[in-house]
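Engineer: Here's a sequence, model it:
(chains A and B, ligands or ions: 2)
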There are 2 protein chains.
Amino acid sequence: MNVSPPPNVDALLVKRPENVRYLSGFTAPEDAWVLYRPEAPLLFTDARYGQQAPAESRIAVEIVNPREGYGFLEPHVAGLRVGYEARHLPCADLERLRAATSAEWVATENLVEQARRVKTPEEVERIRAAAALADRGLAWLLPRLRPGVRERDLALDLEFWLRREGAEAAAFDFIVASGPRGALPHGVASDKTVEAGELVTLDFGAVVGGYHSDMTRTVAVGAADGEMRRIFDVVLQALEAALDAARPGVAARELDAVARCVVEAAGYGPRFVHSLGHGVGLEIHEAPFLNARSDEVLEPGMVITLEPGVYLPGRGGVRIEELALVTTNGIELLSHSPRGWTEV
Amino acid sequence: MNVSPPPNVDALLVKRPENVRYLSGFTAPEDAWVLYRPEAPLLFTDARYGQQAPAESRIAVEIVNPREGYGFLEPHVAGLRVGYEARHLPCADLERLRAATSAEWVATENLVEQARRVKTPEEVERIRAAAALADRGLAWLLPRLRPGVRERDLALDLEFWLRREGAEAAAFDFIVASGPRGALPHGVASDKTVEAGELVTLDFGAVVGGYHSDMTRTVAVGAADGEMRRIFDVVLQALEAALDAARPGVAARELDAVARCVVEAAGYGPRFVHSLGHGVGLEIHEAPFLNARSDEVLEPGMVITLEPGVYLPGRGGVRIEELALVTTNGIELLSHSPRGWTEV
Ligand SMILES: [Mn+2]
Ligand SMILES: [Mn+2]
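Structural biologist: Ligands and ions are numbered 1, 2, ... in the order given. All right, here's what the predicted structure looks like:
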């Protein structure tokens, strides 16, 4: 946890909920602000959280009445240059900050998001726990994946199992895309019924302690058609290549190219229609983003997905996604479900 | 659906997701904008929604590439005065709008939210369907409310039942607050076990077609203690008084006072620690807000909650909440579960 306000500001006012939670540990961050200074960060929230906030927050807490506006900040920011999160703070709030305080307000972008790219050991443990739950969930679900089952029921069954077993929430709307729907990279579970001979793409995750997991498997319901099997092998090979190449110092765009090159060599380049992966943490999609335009370089402590896919419109598709922690000399997989060809 | 841009603007750029959905019907409003002019509203979204957006939107659709910034707006806003949603548009976006267009950008607040206060018949039907589902869900849940059951399992069971029966989502994190936890106005379901002789407050709702329902019942698990029963009667009487008084032309603060007066007369005034109610629609809490500071006056077509409560710290509490449509001469209840004293 190492946020560096730029040299031209004395402090940073943080309002984006994930960033407030990151800096404080407080679990109702929508109703709070952090005034961040490395030496004396301060959490502001209202009287509803008079007990909860001091119990949860790692940083000092001040209970304020936001109904009366931003006046509560003035004693802390008078005369300072204070950064605000320009990509998240609404225009009206900036006006109100300027009216209520004598600080000079300075636009900043992505400062906390940059720090969040590299996880602490405590953050990794939460992601690891979420991923372990998802692995168990998949093992529970696969025997229930049979011809005649609705995609939506599979998604609900899996979510409910995860939440009963301790997930706080589903990490996102689960993707269950069978047969031709597999060609939709974001085929959220529908009323379609799974049929024999189809591939089914399952993309899902759990939330534990505020942190997400993310994993995709594509499995066959009985014996599946020749080209689909071929695509599966290509995607798996692309994934293996990326997993082998991933280590600190590798550029995100290089890693994307490693996977894409395998898919291109097999003649499916134009069918790999999305980027290789993304960071995972307090958000399901967060920096670093692994794509061809990225300036990111992998660092130990980053938690990323690697998720090549090939999609044949109208016919079907395959995506396989692993969740990995970048270590000092490579990666450690956090997702452990078998990723080879599977017929259920 | 009757949004009036103020006389000093030619059009309104709408980004807040609920407002975009309201003006267009498009179900992925996070990835869209509406440029609103009463005579020619226009929805902008990206190529991922090339099929879905025209299929869902009631207004004309233009597919754009937001990666290239806000330049797509210039042909539509050149030289105009355009309002933006100052309470929602991030500061950085306003800078980018100013850089990418020759429009004059003018701060506005709550214009669409004001229009959303009065529902169309189609909106009412969705809320009605969500409320009917919630009524059926409660009838299903009550036989399962027994000593020894965890609050969290009751909340999960109810949510799962509602979603299997067709709710798109839970309307919010359900409140299941038993015994002393009933004193928490927002006692989200915990690991606590329900015990014999306790009151249990259940506050929950469904989402159907994007629209929410909201209802609270407090029931006794077996015979409950004397003062709790007395509080129940006070809260019910306060609710009945508010239901009787609710009609077009009544000020929200008057209605709040009607309920509060009953609670005060019984000596529990300081224990009614929140406002009387709120509007319900695309958001679970939206205008009109029914409280002592409100300037709102009820109008036909508003959908509101009436939810007095009394909370005794450390001991327990009672809240009863109805969901009502304001009609031309009174109200029509949308929640239909019995609200009298119930022992399960
Ligand atoms: Mn992913
Ligand atoms: Mn309510």
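Engineer: Tell me where the stretch 151-300 of chain A has strands.
Structural biologist: A:169-170, A:175-178, A:199-204, A:206-208, A:211-212, A:215-220, A:277-279, A:286-290 (DSSP state E, counting those that start in this stretch).
Engineer: could you say what helices and strands whatever helix or strand comes next after the last one packs with?
Structural biologist: Scanning the chain past strand A:286-290 towards its C-terminal end, the next helix or strand to appear is strand A:303-306 (assignment: DSSP states H and E). Contacting strand A:303-306 under the criterion 3 or more C-beta pairs under 8 Å, 6 or more residues apart in numbering or on different chains; DSSP states H and E are the following elements: helix A:121-141, helix A:226-245, strand A:277-279, strand A:286-290, strand A:322-326. No exception for glycine: its C-beta is placed from N, CA and C like everyone else's.
Engineer: Ok, which of the ones you listed comes nearest chain B?
Structural biologist: strand A:286-290 (12.6 Å; C-beta to the nearest C-beta).
Engineer: quick one: is the closest one near chain B?
Structural biologist: No: if you take C-beta under 8 Å from any C-beta of the partner chain as the test, strand A:286-290 misses chain B, and the best it gets is 12.6 Å.
Engineer: relative to helix A:226-245, how tilted is that strand?
Structural biologist: 110 degrees (axes from the mean of the first three to the mean of the last three C-alpha atoms, to 10 degrees).
Engineer: Next up, the contacts around the residue in chain A that ligand 2 sits nearest to.
Structural biologist: Proximity of chain A to ligand 2 (C-beta to the ion) peaks at A:Arg48, 15.3 Å away. Counting by C-beta atoms under 8 Å, 6 or more residues apart in numbering or on different chains, A:Arg48 touches A:31, B:186.
Engineer: And what about the nearest residue to A:Trp33 once chain neighbours are set aside, helix, strand or coil?
Structural biologist: Spatially, and ignoring its direct neighbours in sequence, A:Trp33 is nearest to A:Phe44 (4.6 Å; C-beta to C-beta, 6 or more residues apart in numbering or on different chains). Following DSSP: H, G, I helix; E, B strand; the rest coil, the label given to A:Phe44 is strand.
Engineer: for A:Phe44, what are its contacts?
Structural biologist: By C-beta under 8 Å, 6+ apart, the residues touching A:Phe44 are A:32-35, A:61-64, A:66, A:72-73.
Engineer: Show me what the one helix or strand in chain A whose mean pLDDT sits lowest is packed up against.
Structural biologist: The helix or strand of chain A with the poorest confidence is helix A:52-56; it has a mean of 94 (mean pLDDT, DSSP states H and E). Counting contacts by 3+ C-beta pairs under 8 Å, 6+ apart, helix A:52-56 packs against strand A:60-63.
Engineer: Partner strands of the strand it packs on, with direction?
Structural biologist: In the sheet, strand A:60-63 lines up against strand A:42-45 (parallel) (DSSP bridges).
Engineer: Low-confidence regions, chain A specifically.
Structural biologist: By pLDDT under 70, the low-scoring segments of chain A are A:1-2.
Engineer: need the contact list for A:Pro41.
Structural biologist: A:Pro41 touches A:23-24, A:34-35, A:59-60, counting by C-beta under 8 Å, 6+ apart.
Engineer: Mind giving me the PyMOL command for buried ones among these?
Structural biologist: The buried subset of the contacts of A:Pro41, as determined by 16 or more other C-beta atoms under 10 Å in any protein chain shown, is captured in PyMOL by this line:
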select buried, chain A and resi 23+24+34+35
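Engineer: Could you dump the contacts of A:Pro41 into CSV and include distance to ligand 1?
Structural biologist: Compiled in CSV, these are given as follows (distance: C-beta to the ion, whole Å):
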residue, distance to ligand 1
A:Leu23, 25
A:Ser24, 27
A:Val34, 28
A:Leu35, 33
A:Ile59, 31
A:Ala60, 36
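Engineer: picking up where we left off before, mind putting the strands of the stretch 151-300 of chain A in a markdown table, distance to ligand 1 included?
Structural biologist: Putting the strands of the stretch 151-300 of chain A into a markdown table (distance: least, C-beta to the ion, whole Å) gives the following:
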| stretch | distance to ligand 1 |
| --- | --- |
| strand A:169-170 | 13 |
| strand A:175-178 | 9 |
| strand A:199-204 | 7 |
| strand A:206-208 | 13 |
| strand A:211-212 | 9 |
| strand A:215-220 | 7 |
| strand A:277-279 | 6 |
| strand A:286-290 | 10 |
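Engineer: now those in JSON lines, with mean neighbour count?
Structural biologist: Listed next are the strands of the stretch 151-300 of chain A as JSON lines, based on neighbours: other C-beta atoms under 10 Å in any protein chain shown:
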{"stretch": "strand A:169-170", "mean neighbour count": "18"}
{"stretch": "strand A:175-178", "mean neighbour count": "26"}
{"stretch": "strand A:199-204", "mean neighbour count": "26"}
{"stretch": "strand A:206-208", "mean neighbour count": "26"}
{"stretch": "strand A:211-212", "mean neighbour count": "27"}
{"stretch": "strand A:215-220", "mean neighbour count": "24"}
{"stretch": "strand A:277-279", "mean neighbour count": "24"}
{"stretch": "strand A:286-290", "mean neighbour count": "21"}
